[in-house]
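**Q** Pasted the sequence and its predicted model underneath.
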Amino acid sequence: ELFRQFVAFYARDFNWQTEGISVRLGQRAPPPAELPLTYLKSKDGREEVGPSIEDPFEVKVDLGSCVTSNSMSRLREEFQRADELCSRGASLKELLELWAPPLVSPPVNDSNH
């Protein structure tokens, strides 16, 4: 039940743009002022604020600074997938099965026809 609530919180409720993760504080709040904001730029040029994850031992260190636009998208996908599985009562075995998103095929070059 605790894991299901954890997944649901990060899949549905947590605002990755305006909230920070602080185990030390243990409450919902904006990112601590000591943490520099990280900006993620996608391949199509869109920019968004990356996750702010306070290191509980070195509060001025943002553990989210290594996140890329691609890894942030994957993290969101995984929380959504886990939330859907938990919502329908999937087993732990099913939740932990190795899974990868479907590969997107490159566009076919039809210039020879």
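**A** Nice, I can see it.
**Q** Within the helices and strands, which one has R81?
**A** helix 69-87 (DSSP states H and E).
**Q** Could you report the separation of the residue nearest the centre of the chain from S91?
**A** By Cα atoms, centre = their mean, the mean C-alpha position of the chain lies nearest to L75, the distance being 3.4 Å. L75 sits at a distance of 23 Å from S91 (criterion: Cβ to Cβ, to the nearest Å). The C-beta positions use only the backbone N, C-alpha and C, and glycine is treated the same way.
**Q** Counting by contacts, list what the helix holding R81 packs against.
**A** helix 2-8, strand 39-41, helix 92-95 (3 or more Cβ pairs under 8 Å, 6 or more residues apart in numbering; DSSP states H and E).
**Q** what pairs with the residue nearest to A29 when sequence neighbours are not counted across the strands?
**A** Of all residues not flanking A29 in the chain, G20 sits nearest, at 6.3 Å (Cβ to Cβ, 6 or more residues apart in numbering). According to DSSP bridges, the partner residues bridging G20 are S52.
**Q** Pull the contacting residues for G20.
**A** A29, P30, P31, P32, L35, S52, I53, E54 (Cβ atoms under 8 Å, 6 or more residues apart in numbering).
**Q** Sort the residues you listed by pLDDT and name the bottom one.
**A** When the contacts of G20 are sorted by pLDDT, the bottom entry is P32 at 81.
**Q** Dump the C-alpha coordinates for the helix holding R81 into PDB.
**A** These are the backbone C-alpha positions of helix 69-87, laid out as PDB (Å, rounded to 0.1, in the frame of the first residue of the first chain):
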ATOM      1  CA  SER A  69      15.300  15.800 -20.800                       C
ATOM      2  CA  ASN A  70      15.200  12.200 -22.000                       C
ATOM      3  CA  SER A  71      15.700  10.700 -18.500                       C
ATOM      4  CA  MET A  72      13.100  13.000 -17.100                       C
ATOM      5  CA  SER A  73      10.600  11.800 -19.800                       C
ATOM      6  CA  ARG A  74      11.400   8.200 -19.000                       C
ATOM      7  CA  LEU A  75      11.000   8.800 -15.200                       C
ATOM      8  CA  ARG A  76       7.600  10.300 -15.800                       C
ATOM      9  CA  GLU A  77       6.700   7.300 -18.100                       C
ATOM     10  CA  GLU A  78       7.800   4.800 -15.400                       C
ATOM     11  CA  PHE A  79       5.800   6.500 -12.700                       C
ATOM     12  CA  GLN A  80       2.700   6.500 -15.000                       C
ATOM     13  CA  ARG A  81       3.200   2.900 -15.900                       C
ATOM     14  CA  ALA A  82       3.700   1.800 -12.300                       C
ATOM     15  CA  ASP A  83       0.600   3.900 -11.200                       C
ATOM     16  CA  GLU A  84      -1.500   2.200 -13.900                       C
ATOM     17  CA  LEU A  85      -0.300  -1.300 -12.800                       C
ATOM     18  CA  CYS A  86      -0.800  -0.600  -9.100                       C
ATOM     19  CA  SER A  87      -4.300   0.900  -9.800                       C
END
